[in-house]
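A.B. asks: Using only what follows, build the 3D model:
(one chain, ligands or ions: 1)
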Amino acid sequence: MQKILTELQNRNSLIKIILSDTKTAEFKKIIIRPILIKNNLFWQFEKHTQNKVYHENIQDVEFLELIKLVLQEYMQIAFFYTGYTVTFSGSKGKYTKSQSSNNLKEITILDFGCGKSYLTFIIYHYFVYIKKIKATVIGYDLKEDVVQNCNAIALRYGYENLKFYVNDVTKGNLYNKPIDMIITLHACDIATDYALDYAIKNNVPFIFSVPCCQHEINQQIRSNGDFDILLKHGLIKERFCALLTDSIRAEILSQNGYSVDLLEFVDFAHSPKNIMIRANKTTRKIINFDIQTLCDKYNFKQTLWQLQKNPKN
Ligand SMILES: C[S@@+](CC[C@H](N)C(=O)[O-])C[C@H]1O[C@@H](n2cnc3c(N)ncnc32)[C@H](O)[C@@H]1O
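C.D. replies: Model prediction:
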């Protein structure tokens with residue numbers, strides 16, 4: 001029983017709990033889901049008899065006491081999280097814990113710097129409702145209010161496996177289970193590098209990344225050779241450094257076994273920040289350029305290259 005109570009302490013990321021397999025309880029099954037009512041967290045108990053379903057909403061402060069009373073009558077208690085399920089089987093306070101992946105056809109996608117998450121919602125809708133694939137989509141962003149709002153919208157639409165977290169992607173603490181795809185849409189400056197570094201180090205098979213605000217090289221680069229003519233005028237220098245940044249990113253992906261395309265994902269008229277890095281993992285590592293020599297010659301550090309040089313990051 002203590003193990004179950006410990007699981008309940010960390011209930012922030014729960015999608016649902018299912019209590020089932022009972023000989024004594026009034027309800028043969030109870031499904032419990034988090035819901036927001038006027039921005040307050042409640043737990044909705046969906047109680048199933050043989051032919052009827054009842055709903056009851058319990059405030060978070062009352063939740064633990066109530067569930068403790070109910071738990072003991074059920075021999076199976078399953079906690080559903082994004083991508084995996086923790087199940088307790090047993091009776092009379094003695095349970096065995098097991099963990100499993102939710103679905104073999106499942107796809108898991110991380111969105112770095114999701115912001116208001118228009119794309120994230122569309123991606124989720126596309127996979128789950130159009131392609132009928134069980135998708136888990138997770139968005140990270142720095143902004144608490146935006147993340148809260150996105151979670152509230154996901155709950156409202158019943159998008160069970162679409163979750164948003166306040167997270168600075170440059171600080172680590174990212175999803176540590178297998179990921180199928182990462183996406184970034186205009187994740188600012190070096191946030192894109194952290195996403196790509198995560199993808200490389202975790203062998204993520206697919207990457208769709210549209211960078212923006214590539215300020216890093218622009219702030220450091222010094223003239224020292226063939227590029228100098230491109231560094232003379234601020235406007236050209238800025239554009240050139242943005243292109244250089246994305247070229248270096250593409251090269252690093254290629255050196256790590258990705259097949260990489262750079263393409264315009266929308267017409268320039270809609271957004272000038274329209275270069276997409278599209279990459280998929282292969283077994284062929286191709287090295288075309290010596291990035292370190294380039295960095296040294298023009299006196300700049302580039303975050304993805306720095307991160308790749310340090311395997312611990
Ligand atoms: C220009 S917005 C793009 C939002 C969204 N992807 C879109 O296209 O509508 C960039 C987002 O990246 C987020 N961001 C920037 N740096 C970040 C970091 N280090 N960790 C997480 N999010 C970050 C910002 O908070 C912002 O919401």
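A.B. asks: CA atoms for contacts and neighbours, from now on please.
C.D. replies: Fine.
A.B. asks: Would you map the helices across the stretch 1-150 of the chain?
C.D. replies: 2-9, 60-71, 118-125, 144-157 (DSSP state H, counting those that start in this stretch).
A.B. asks: now the second one and helix 2-9, what's the angle there?
C.D. replies: Between the axes of helix 60-71 and helix 2-9, defined by axes from the mean of the first three to the mean of the last three C-alpha atoms, to 10 degrees, the angle is 150 degrees.
A.B. asks: Tell me how far helix 60-71 lies from the chain's centre.
C.D. replies: How far helix 60-71 lies from its chain's middle: 30 Å, per C-alpha atoms, centre = their mean, to the nearest Å.
A.B. asks: Mind giving me the packing neighbours of that helix?
C.D. replies: strand 40-48 (3 or more C-alpha pairs under 8 Å, 6 or more residues apart in numbering; DSSP states H and E).
A.B. asks: so what strands line up beside the strand it packs on?
C.D. replies: Strand 40-48 pairs in its sheet with strand 29-37 (antiparallel), strand 53-59 (antiparallel), by DSSP bridges.
A.B. asks: What are the buried residues along that strand?
C.D. replies: 42-48 (16 or more other C-alpha atoms under 10 Å).
A.B. asks: what does the chain put close to the ligand?
C.D. replies: 113-117, 140-143, 167-170, 185-188, 191 (C-alpha under 6 Å from any ligand atom).
A.B. asks: Now, those residues that are in strands?
C.D. replies: Within the residues of the chain next to the ligand, residues falling in strands by DSSP state E are 140-141, 185-188.
A.B. asks: Return the most buried member of the strands paired with strand 40-48.
C.D. replies: strand 29-37 (a mean of 19; mean count of other C-alpha atoms under 10 Å).
A.B. asks: what pLDDT, on average, does it get?
C.D. replies: Mean pLDDT, computed over strand 29-37, is 89.
A.B. asks: how much does it deviate in direction from helix 144-157?
C.D. replies: Using the same axes, to 10 degrees, strand 29-37 lies at 140 degrees relative to helix 144-157.
A.B. asks: Dump strand 29-37 to CSV, restricted to CA.
C.D. replies: Extracted in CSV, the C-alpha atoms of strand 29-37 (Å, rounded to 0.1, in the frame of the first residue of the first chain):
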residue,chain,number,x,y,z
LYS,A,29,-14.2,-0.1,-12.2
ILE,A,30,-13.2,3.4,-11.4
ILE,A,31,-11.4,5.7,-13.8
ILE,A,32,-9.9,8.8,-12.3
ARG,A,33,-8.7,11.7,-14.4
PRO,A,34,-7.3,15.2,-13.6
ILE,A,35,-9.6,18.0,-14.7
LEU,A,36,-9.4,21.7,-14.4
ILE,A,37,-12.5,23.6,-13.2
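A.B. asks: And the next helix or strand past the longest helix seen in the chain?
C.D. replies: Scanning the chain for the longest helix, with DSSP state H as the assignment, gives helix 234-255. Once the chain leaves helix 234-255, the next helix or strand it forms, by DSSP states H and E, is strand 258-264.
A.B. asks: beta partners of the residue of the stretch 201-313 of the chain found nearest the ligand?
C.D. replies: Nearest residue of the stretch 201-313 of the chain to the ligand (C-alpha to the nearest ligand atom) works out as C212 at 7.7 Å. In this entry, C212 is beta-bridged to C188, by DSSP bridges.
A.B. asks: Contact partners for it?
C.D. replies: Counting by C-alpha atoms under 8 Å, 6 or more residues apart in numbering, C212 makes contact with 186-189, 273.
A.B. asks: could the helices of the stretch 1-150 of the chain be laid out in JSON lines, adding mean pLDDT, distance to L243 and mean neighbour count?
C.D. replies: JSON lines is the format used below for those (pLDDT from 0 to 100; distance: least, C-alpha to C-alpha, whole Å; neighbours: other C-alpha atoms under 10 Å):
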{"stretch": "helix 2-9", "mean pLDDT": "86", "distance to L243": "48", "mean neighbour count": "13"}
{"stretch": "helix 60-71", "mean pLDDT": "90", "distance to L243": "50", "mean neighbour count": "13"}
{"stretch": "helix 118-125", "mean pLDDT": "97", "distance to L243": "24", "mean neighbour count": "17"}
{"stretch": "helix 144-157", "mean pLDDT": "96", "distance to L243": "30", "mean neighbour count": "16"}
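A.B. asks: Among these, which comes closest to T245?
C.D. replies: With respect to T245, and counting by C-alpha to C-alpha, the nearest of the helices of the stretch 1-150 of the chain is helix 118-125 at 23.8 Å.
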